[in-house]
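**Student:** Give the three-dimensional model of this entry:
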Amino acid sequence: MTSKRFFYFMPLVVACFAAVASLSSCSDGKGYESVKGDPMQTRIYTLDNGLKVYLSVNKAEPKIQTFIAVRTGSKNDPAETTGLAHYLEHLMFKGTSQFGTNNPEAEAPLLDDIEQRYEVYRTTTDEATRKQLYHEIDSVSQLAAKYFIPNEYDKLMAAIGSEGSNAFTSNDVTCYVEEIPANEVENWAKIQADRFQNMVIRGFHTELEAVYEEYNIGLSNDGNKQFEALLAKLFPSHPYGTQTTIGTQQHLKNPSITNIKNYFAKWYVPNNVAICMAGDFDPDQVLATLKQYFGDWKPGDDVAQPTFPELEPLTAPVDTTVLGLEAESIWLGWRSEKASSLQNDTLELIDAVLSNGKAGLLDLDLNQEMKVMVAQSGVESMMDYGFFLLVGMPKEGQSLDEVKDLMLGEIEKLKQGDFDDDLLISALNNAKLDELRSLDQNRTRTYKMMEAFITGTPWQQQVGRMDRLAKITKQEVVDFANRFFGPGFVSVYKRQGEDTTQKKIDKPAITPLPTNRDQVSQFVQDIQQTKVEPIQPQFLDFQKDLSFFDTEKGLPVIYKQNTENDLFDLQFRYEFGQEDDNRYDVAASYIDYLGTDQLTAAQVKQQFYKLACNYAFSVNSDAITIGLSGLSENMPEALALLENLLRNAKADQTAYEQMVGLILKNRQSRC
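**Tutor:** Down below sits the predicted model:
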């Protein structure tokens, strides 16, 4: 069989790492804060009303990712109306006095009437009376619906070419997300400023139906159950553990528009909000636009976060069990300090030592050896506390306690320093690699900004993370592990079985609202008719922008020099695939479990991880692609290592049989 290979060598991201040994945060009279050595070159402004603005320029494509982050989440929900932050997130898409309605003056008294009726409904306990009250709410809602134009926010975003319209609520944050064309900043700002200052609650009971459905769907998600059970045990007297983001059934069935309005008035104020933007823009022009539309937004009197009694330390193991139809698993969690604590530097490094997908202790000792189905670790950081997590899934015939003991055994190895000295250097190199790659994504940039704002982490601390990680020694990791991984941790057993404790919310009888599809508010029409400066396209000239040549052996090469950072991406393409031999797909998976005549499979992974390089196989019907990427300084060594693996892979019957067993188990889990 003859084959033909093509080589592709192209850059990945636009970023660079500068030395951050002497970090400083300053404004230098520029009107914004910045941090020396920041690869995102972030500007942080604070408007007169307290609104924070984070701006990072990335001209890779003519788009801008926007996050509007409000420093409030389910932790801030009143104890008697949990789920409120999440429900408000839904209502923020229903419009204002300018859009979402054809007659705000006529609509207003009806919306007030609905609000008051809900206050009576939520305090009524007699079921027959409640049913009648809800029927009356439904009737008045039909009258108000004559003035309601649904989905106008969607029309506005479509008019400006926005993509990914979404929002999310968690323990500490409610965030609103859009990705807009680079020339639509003013229209976006005009819409969002109106939305955040003049939100109107309409279509309330029909949106409640959507939240009910979300709640009911979540009942069958075993991961949700494990997460909630873990937090309940880790944070037994803190809202992280006592309140869920979706809320309780009782509270969802007795909503309060009045409470939602009060919540909005308290937390949705400029001195509790950050606008985070990354993409192709002129920061001075963007700031001027934001000042124009958000500058008159009135700050709140009190946006201090709620405080809670300090949690008692966990001194002994705590076990809990959840049931569900999905595959069995076990979670182990240790409580950690808040997100802004420097403790998280060490936890992130420990996470990489344990589980990095290549050469961590869990990867090599448990996953590579196929002693379990899955074993991995993770770090979760929140405003007040966080936790370190181990996740394990058993293979066929294995108990959850056996998986637990195996994972705890790896923790003991960590505490004893029983791991390669090079693993910390390897982990650091890969952290740099991940950072460089991630900064190509505007969403990653805005997410970093959002997290820093919400958790109160100084941007200088955020930028200095890599420098601090580089200074952590192996002995410091070992000492920390012995202090941190004590007997006080939570085990959540997820066992297969029917969960009889879960009961879905019964949806009340709701009359569908008219769609009023033929109506459009004047605000929407004005946005739709706005003329903006067209984005000027930039065309690639493949003959000028790429280099074409052959190797000494006549193999064609397509090359693009990376002048922007220290990353490389190399691909080999073979002109045959699954249609030629259906074993290629299995072989591509099998080689991941193999070593060579000189290196074990674990040693191969360790070597690639140490170089901060990765390889991947892609098998299609008519072609196979082998990719190699990572830090450019290590490309020659990584290429030699890959070639050695391809030429000298050593078959292993035991590994093959174990791989087949895992494939079959996966297929059963999906059925």
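**Student:** Look at Tyr54 and tell me its secondary structure.
**Tutor:** Tyr54 carries the three-state label strand when classified by DSSP: H, G, I helix; E, B strand; the rest coil.
**Student:** for the spatially closest residue to it that is not a sequence neighbour, what are its contacts?
**Tutor:** The shortest distance from Tyr54 to any non-neighbouring residue, by Cβ to Cβ, 6 or more residues apart in numbering, is to Met449 (3.9 Å). To be clear about C-beta, it is placed using only N, CA and C from the backbone, and glycine gets the same treatment. Each residue near Met449 by Cβ atoms under 8 Å, 6 or more residues apart in numbering is listed here: 42, 54, 56, 67, 274, 276, 278.
**Student:** Output those as JSON lines; include the columns secondary structure, pLDDT and neighbour count.
**Tutor:** Output for the contacts of Met449, formatted as JSON lines (DSSP: H, G, I helix; E, B strand; the rest coil; pLDDT from 0 to 100; neighbours: other Cβ atoms under 10 Å):
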{"residue": "Thr42", "secondary structure": "coil", "pLDDT": "98", "neighbour count": "24"}
{"residue": "Tyr54", "secondary structure": "strand", "pLDDT": "98", "neighbour count": "26"}
{"residue": "Ser56", "secondary structure": "strand", "pLDDT": "98", "neighbour count": "24"}
{"residue": "Phe67", "secondary structure": "strand", "pLDDT": "98", "neighbour count": "25"}
{"residue": "Ala274", "secondary structure": "strand", "pLDDT": "98", "neighbour count": "24"}
{"residue": "Cys276", "secondary structure": "strand", "pLDDT": "98", "neighbour count": "28"}
{"residue": "Ala278", "secondary structure": "strand", "pLDDT": "98", "neighbour count": "27"}
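**Student:** any chance of those residues in TSV, plus distance to Gln525?
**Tutor:** Shown next, in TSV, are the contacts of Met449 (distance: Cβ to Cβ, whole Å):
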residue	distance to Gln525
Thr42	37
Tyr54	32
Ser56	34
Phe67	28
Ala274	31
Cys276	30
Ala278	31
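**Student:** quick one: which of those is nearest Arg465?
**Tutor:** Nearest to Arg465 among the contacts of Met449 is Thr42, at 13.7 Å by Cβ to Cβ.
**Student:** Tell me how far the closest one lies from Asn344.
**Tutor:** Distance from Thr42 to Asn344, counting by Cβ to Cβ, to the nearest Å: 20 Å.
**Student:** what's near enough to touch the nearest residue to Gln376 once chain neighbours are set aside?
**Tutor:** Nearest residue to Gln376 in three dimensions, chain neighbours excluded: Ser355, at 4.4 Å (Cβ to Cβ, 6+ apart). Ser355 is in contact with 361-363, 375-378, counting by Cβ under 8 Å, 6+ apart.
**Student:** and with 10 Å instead?
**Tutor:** Shown here is Ser355, whose contacts under the criterion Cβ atoms under 10 Å, 6 or more residues apart in numbering are 361-363, 366-367, 375-378, 390-391, 407, 410.
**Student:** Give me the below-cutoff pLDDT ranges for the stretch 551-671 of the chain.
**Tutor:** 669-671 (pLDDT under 70).
**Student:** now do 80
**Tutor:** In the predicted model of the stretch 551-671 of the chain, residues 563-565, 665-671 satisfy pLDDT under 80.
**Student:** cool, and the chain?
**Tutor:** In the chain the weaker segments, taking pLDDT under 80 as the threshold, are 1-30, 208-210, 212, 216-220, 358, 502-503, 505-510, 513, 563-565, 665-671.
**Student:** again, only this time at 50
**Tutor:** The chain contains residues with pLDDT under 50 at 1-24.
**Student:** Would you list the buried entries among the contacts of Ser355?
**Tutor:** 361-363, 366-367, 375-377, 390-391, 407, 410 (16 or more other Cβ atoms under 10 Å).
**Student:** Once you drop chain neighbours, what's closest to Lys63?
**Tutor:** Per Cβ to Cβ, 6+ apart, closest to Lys63 is Gly279, 5.3 Å.
**Student:** what's across from that neighbour in the sheet?
**Tutor:** Counting by DSSP bridges, Gly279 forms beta bridges with Val57, Ile64.
**Student:** I'd like the numbering to begin with 104 instead of 1 from here.
**Tutor:** Noted, 104 is the first residue going forward, which turns the last one into Gly382.
**Student:** List the residues that contact it.
**Tutor:** 158-169, 282-285, 288, 389, 545-546, 548-549.
**Student:** coming back round to it: could you look up the SS state of the residue nearest to Tyr157?
**Tutor:** With three-state DSSP as the basis, Met552 sits in helix.
**Student:** Strands of the stretch 404-553 of the chain, residue ranges please.
**Tutor:** 421-427, 432-439, 477-484, 489-496 (DSSP state E, counting those that start in this stretch).
**Student:** let me redo that: the stretch 554-703 of the chain
**Tutor:** Along the stretch 554-703 of the chain, counting by DSSP E, counting those that start in this stretch, strands occupy 593-599, 650-653, 659-662, 670-677, 698-699.
**Student:** Columns distance to Arg220 and mean neighbour count on top of those, output as a markdown table?
**Tutor:** Conversion of those to a markdown table gives the following (distance: least, Cβ to Cβ, whole Å; neighbours: other Cβ atoms under 10 Å):
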| stretch | distance to Arg220 | mean neighbour count |
| --- | --- | --- |
| strand 593-599 | 41 | 20 |
| strand 650-653 | 72 | 10 |
| strand 659-662 | 68 | 14 |
| strand 670-677 | 60 | 19 |
| strand 698-699 | 71 | 18 |
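**Student:** do you know which of these lies nearest Lys139?
**Tutor:** Using Cβ to Cβ, the nearest of those to Lys139 is strand 670-677, at 22.6 Å.
**Student:** count of residues packed around Gly600?
**Tutor:** Gly600 has 12 neighbouring residues, counting by other Cβ atoms under 10 Å.
**Student:** which non-adjacent residue is nearest it?
**Tutor:** Leu426 (4.3 Å).
**Student:** Can I take it that Gln329 is in a helix?
**Tutor:** Yes - the assignment for Gln329 by three-state DSSP puts it in a helix.
**Student:** Surely it touches Tyr596?
**Tutor:** Yes - with contact defined as Cβ atoms under 10 Å, Gln329 and Tyr596 form a contacting pair (9.0 Å).
**Student:** Show me whatever sits in contact with both of the two.
**Tutor:** In contact with both Gln329 and Tyr596: 423-425, 432-434, using Cβ under 10 Å, 6+ apart.
**Student:** my read: Phe251 touches Ile217, true?
**Tutor:** No - contact between Phe251 and Ile217 fails when scored by Cβ under 10 Å: they sit 11.5 Å apart.
**Student:** Show me which of these two is the more surrounded one.
**Tutor:** Phe251 (26 against 21).
**Student:** Can you pull up the most central residue in this structure?
**Tutor:** Residue closest to the average C-alpha location in the chain (Cα atoms, centre = their mean): Tyr550, at 7.9 Å.
**Student:** Roughly how far does that residue sit from Gln168?
**Tutor:** Where Gln168 is concerned, Tyr550 sits at a distance of 9 Å (Cβ to Cβ).
**Student:** Identify the contacts common to those two.
**Tutor:** The contact lists of Tyr550 and Gln168 share 280, 379, 381, 544, where a contact means Cβ under 10 Å, 6+ apart.
**Student:** so which of those comes closest to Val406?
**Tutor:** Checking the shared contacts of Tyr550 and Gln168 against Val406 with Cβ to Cβ, the nearest one is Cys379 at 17.9 Å.
**Student:** dump the residue contacts of the closest one.
**Tutor:** Cys379 makes contact with 145, 147, 155-159, 168-172, 278, 280, 545, 548-556 under the criterion Cβ under 10 Å, 6+ apart.
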